[in-house]
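K.L.:
here is a sequence with its predicted model. Questions after.
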Amino acid sequence: MADQVERFKALEKKRQELSTKKIRLEKQYNARKEALAAVVKEVKDAGYDPKTLKQTIAEMELKLKQDMDTFESGLEAASKQLAAIES
């Protein structure tokens with residue numbers, strides 16, 4: 001009978017540990033869910049659709065690269081013109 005009591009105590013301790021872990025995990029889940037909702041709201045408030053954000057980023061990166069290439073070409077042309085004037 002004493003073995004059964006000890007086994008019950010061990011099982012009860014295990015149940016309590018699992019219950020504590022469950023509560024902790026639920027809190028973490030809710031915190032992450034709220035953080036995600038805040039990010040989605042921030043993205044929407046900035047005027048972007050969260051569902052197409054990857055595509056929007058890719059388009060903006062391409063536009064930035066094109067603008068930088070244009071700027072670089074302009075700088076090179078200006079540099080050549082200045083070099084021609086100086087010589």
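P.N.:
In hand now; what should we look at?
K.L.:
quick one, domains of the chain?
P.N.:
For the chain, automatic domain parsing gives the domain ranges 1-47, 49-87.
K.L.:
adding mean neighbour count, write those out as JSON lines.
P.N.:
In short, each C-beta sits where N, CA and C put it, glycine included. What follows is the domains of the chain, written out as JSON lines (neighbours: other CB atoms under 10 Å):
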{"stretch": "domain 1-47", "mean neighbour count": "10"}
{"stretch": "domain 49-87", "mean neighbour count": "10"}
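K.L.:
from the chain's centroid, how far away is the helix or strand hosting residue 30?
P.N.:
Secondary structure from DSSP states H and E places residue 30 in helix 2-45. Once both centres are worked out by CA atoms, centre = their mean, to the nearest Å, helix 2-45 turns out to sit 23 Å from its chain's centre.
K.L.:
what's downstream of it, the next helix or strand?
P.N.:
Toward the C-terminus from helix 2-45 - assigned by DSSP H and E - lies helix 53-86.
K.L.:
report the rounded mean pLDDT for that next one.
P.N.:
The predicted model gives helix 53-86 an average pLDDT of 95.
K.L.:
just checking, what packs against it?
P.N.:
In terms of contacts (3 or more CB pairs under 8 Å, 6 or more residues apart in numbering; DSSP states H and E), helix 53-86 is packed against no helix or strand at all.
K.L.:
quick one: it to helix 2-45, angle?
P.N.:
Here the directions of helix 53-86 and helix 2-45 differ by 50 degrees (axes from the mean of the first three to the mean of the last three CA atoms, to 10 degrees).
K.L.:
who touches residue 5 in this structure?
P.N.:
Contacts for residue 5 were tallied using CB atoms under 8 Å, 6 or more residues apart in numbering; there are none.
K.L.:
for residue 12, see how far away it is.
P.N.:
Distance, residue 5 to residue 12, by CB to CB, to the nearest Å: 10 Å.
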